[in-house]
Structures are given as structure tokens and as C-alpha cells.
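**Student:** sequence unknown, structure follows:
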């Protein structure tokens with residue numbers, strides 16, 4: 001079974017397929033996973049297998065650890081392209097997410113003003129005013145929308161609480177283009193059910209929602225690391241390229257990570 005549990009609150013830098021040299025910021029406990037989704041493709045494994053016992057890092061712990069790491073990188077390298085909120089679950093679930101974003105922007109401006117600040121979010125908490133405001137201040141507000149099929153979301157993304165895809169779409173529209181949509185395309189089976197979302201059955205309704213949301217960019221990707229379920233398969237280059245072409249034909253910049 002796959003398990004990639006990240007250190008907290010700072011990890012890396014790592015080379016991101018989508019973002020370049022990325023210094024990771026993990027607002028979740030270092031000993032487990034804390035997420036509002038339980039995706040069958042998550043590199044951190046299933047929620048039930050990695051219940052954390054430690055507490056969330058505090059705002060001050062994140063600020064101090066980030067400043068220490070940025071100072072070291074300023075003196076010794078490498079220069080980060082991006083500071084990325086990711087890690088062991090949903091970063092916006094931290095109760096002081098908005099304040100930590102403020103601290104991060106200030107530290108970025110002090111040490112690496114050319115670096116971007118990115119957040120990888122599953123979009124479940126964008127209805128919270130503090131989260132919405134914080135995401136509007138960063139460079140790369142990257143929000144997940146794997147499909148518009150409620151059945152598929154329940155089978156693959158597996159929300160742990162209330163989730164209504166139309167509410168998520170409306171929440172994304174409220175950013176007025178200041179967002180990047182990120183979508184996982186894959187194939188294979190889970191518990192005997194087909195989870196291929198590369199076909200027109202899933203792509204065409206998703207594309208209509210993307211047009212409605214009108215993001216500044218779309219990032220699509222497929223499985224890159226080991227997944228907790230071993231019957232999942234990568235989408236092919238040709239399948240991803242076809243979807244990118246459809247998004248670009250709608251006038252929205254798009255890219256694929258294979």
C-alpha cells in the first residue's frame with residue numbers, strides 16, 4: 001500500500017511537474033493525513049490508514065520554520081520558483097490558514113520576491129470567507145475539479161463531509177477568473193467499477209463547467225506515483241492531449257502533466 005506522508009510544516013524543495021522548484025508547506029500533522037477528501041488515487045494513502053495523532057502546526061511554528069528555510073535557501077540555494085501549500089491533506093482546513101498566507105506572502109517578499117505562492121486545494125472549503133479572501137491574494141490559486149458527476153466524485157474523490165458539485169462550481173465562478181483548475185484524469189477500476197473519466201461522457205460536461213467558471217488556466221494530470229489502490233491506470237499522452245486541445249479550443253490556456 002502506498003504511503004507518502006510529508007514532513008511538517010516545511011518539506012523539499014521538490015521538483016514539481018507543473019510548478020518547477022517548489023518548497024512545500026504542509027499545514028497538516030507530520031504523522032498522518034487530514035483531508036476533506038479520501039481520493040482513491042492519493043499518494044498519501046487512504047484516510048483510515050493514516051490517522052494523525054499529532055496536532056496541527058501552529059501559525060508561529062509555520063512562520064518560523066518557513067523563515068529559517070528561506071534564509072538557508074537564500075544563502076545556499078536552490079532558489080525556489082514557488083512556495084506551495086500541499087502535503088498531508090487539505091491545506092485550507094487549517095484554522096489559521098488565512099493568517100499563514102499573510103505571513104507567507106510577507107516572507108516571500110522579503111527573501112524571494114520573484115517566487116510565486118501556490119495553494120493546491122480540493123475546493124471543498126472555498127465557501128469560507130477567510131479561505132476565499134486568502135486564495136484571492138496568492139499567485140496560483142489551484143482548485144480541483146475532477147468531474148461534474150456526483151456519482152464519480154463519491155466513488156473516486158470520496159468527500160468526507162457535505163459536497164455539492166454545483167455549489168463548488170458557483171464558488172469557483174466567484175473568483176472571477178483568478179484561479180487555475182486542476183483535474184486528474186485516469187483509467188482502470190476501483191472495487192470492480194470503471195473509473196475512466198477520459199471519455200466524452202465525463203469530459204464534455206466537465207468542459208462546459210470549465211467554460212462557465214472561466215479560469216485563467218487549466219492543468220490536467222494523471223497518476224504519477226504509487227496509489228493506494230493498484231487497479232488504477234495512467235491516462236495516455238494522446239488522451240490528455242485531446243482534452244488539452246478541447247480546452248484550448250474554448251479559449252482557455254491548458255497544459256498536461258503525463
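**Tutor:** Nice, I can see it. Just so it is clear, the model here is predicted, and its values are computed rather than measured.
**Student:** going forward, measure contacts and count neighbours with C-alpha atoms only.
**Tutor:** Noted.
**Student:** which other residues reach the longest helix along the chain?
**Tutor:** Ranked by number of residues, the top helix in the chain under DSSP state H is helix 59-76. The contact list for helix 59-76 (C-alpha atoms under 8 Å, 6 or more residues apart in numbering) reads 9-10, 25, 27, 79-80, 96, 99-100, 103-104, 107, 111-112.
**Student:** which two among the residues you listed are spaced furthest apart?
**Tutor:** 79 and 96 (27.0 Å; C-alpha to C-alpha).
**Student:** who's more crowded, these two?
**Tutor:** Using other C-alpha atoms under 10 Å, the more surrounded residue of residue 79 and residue 96 is residue 79, with 18 against 15.
**Student:** please name the residues that touch the more buried one.
**Tutor:** 21, 73, 112.
**Student:** could you pull out the helices for the stretch 151-258 of the chain?
**Tutor:** 165-173, 200-213, 237-249 (DSSP state H, counting those that start in this stretch).
**Student:** re the thing from before, and the contacts of residue 79, which are buried?
**Tutor:** With neighbours counted by 16 or more other C-alpha atoms under 10 Å, the contacts of residue 79 contain buried members at 21, 73, 112.
**Student:** where does the residue positioned nearest the centre of the chain land on pLDDT?
**Tutor:** The centroid of the chain falls nearest to residue 120 when counting by C-alpha atoms, centre = their mean (2.8 Å). The model reports residue 120 with a pLDDT of 97.
**Student:** spatially nearest residue to it, not counting backbone neighbours?
**Tutor:** residue 142 (5.1 Å; C-alpha to C-alpha, 6 or more residues apart in numbering).
**Student:** so the one you found is in which element?
**Tutor:** Using DSSP states H and E, residue 142 sits within strand 140-144.
**Student:** what strands flank that strand, and is each parallel or antiparallel?
**Tutor:** strand 116-121 (parallel), strand 180-184 (parallel) (DSSP bridges).
**Student:** closest one to residue 189 out of the contacts of residue 79, please.
**Tutor:** For the contacts of residue 79, the nearest to residue 189 is residue 21 (33.1 Å; C-alpha to C-alpha).
**Student:** mind listing what the closest one touches?
**Tutor:** 13, 14, 15, 79, 80, 81, 82.
**Student:** in strands, which of those residues fall?
**Tutor:** In this view, those that belong to strands under DSSP state E are 13, 14, 15, 82.
**Student:** by neighbours, which of those wins?
**Tutor:** residue 82 leads these on contacts (other C-alpha under 10 Å) with 23 neighbours.
**Student:** so it touches residue 113, yeah?
**Tutor:** No: contact criterion C-alpha atoms under 8 Å: residue 82 and residue 113 do not qualify, at 10.3 Å.
**Student:** how close does the residue nearest to residue 120 sit to residue 169?
**Tutor:** From residue 142 over to residue 169 the distance is 14 Å, taken as C-alpha to C-alpha, to the nearest Å.
**Student:** and the two? Which one has more around it.
**Tutor:** residue 142 (24 against 17).
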